[in-house]
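S.K.: just need the structure, nothing else, for what follows:
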Amino acid sequence: MLKKGDHVKWKFQNGETHGVVTKIHTKDFVFMERQRRASEDEPQYEVMSEKTGKSAVHKASALKKI
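M.R.: Reported below is the predicted structural model:
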């Protein structure tokens, strides 16, 4: 289980990047004008890229703690 402030890495179209968990969503929510699904059992993690400063949302399976 990841927590806010954890440093993580994840893959994307052009390779791999890293950043910090900024928020943990445990209920359905809207991110970038799209409805996202989340629950206590399957949370989604909002992460901020240290390279670009942009935010993204991923499931735990897409993130690796570093």
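
S.K.: give me the sheet partners of the strand ranked longest in the chain and which way each runs.
M.R.: If you go by DSSP state E, the chain has its longest strand at strand 15-25. Strand 15-25 has the following strand partners under DSSP bridges: strand 7-12 (antiparallel), strand 44-49 (antiparallel).

S.K.: can you tell me the average pLDDT over that strand?
M.R.: Across strand 15-25, the average pLDDT comes to 95.

S.K.: how many neighbours does the nearest residue to residue 55 once chain neighbours are set aside have?
M.R.: Spatial nearest neighbour of residue 55, chain neighbours left out: residue 48 (5.2 Å); criterion: C-beta to C-beta, 6 or more residues apart in numbering. (Each C-beta comes from the backbone N, C-alpha and C, glycine too.) Residues near residue 48, counting by other C-beta atoms under 10 Å, number 14.

S.K.: next structured bit after the longest strand of the chain?
M.R.: strand 29-31 (DSSP states H and E).

S.K.: what sits up against the helix or strand following that next one?
M.R.: For strand 29-31, the following helix or strand on the C-terminal side (DSSP H and E) is strand 34-36. Identification of contacts with strand 34-36 by C-beta atoms under 8 Å, 6 or more residues apart in numbering yields 25, 28-30, 44, 57.

S.K.: thank you, goodbye.
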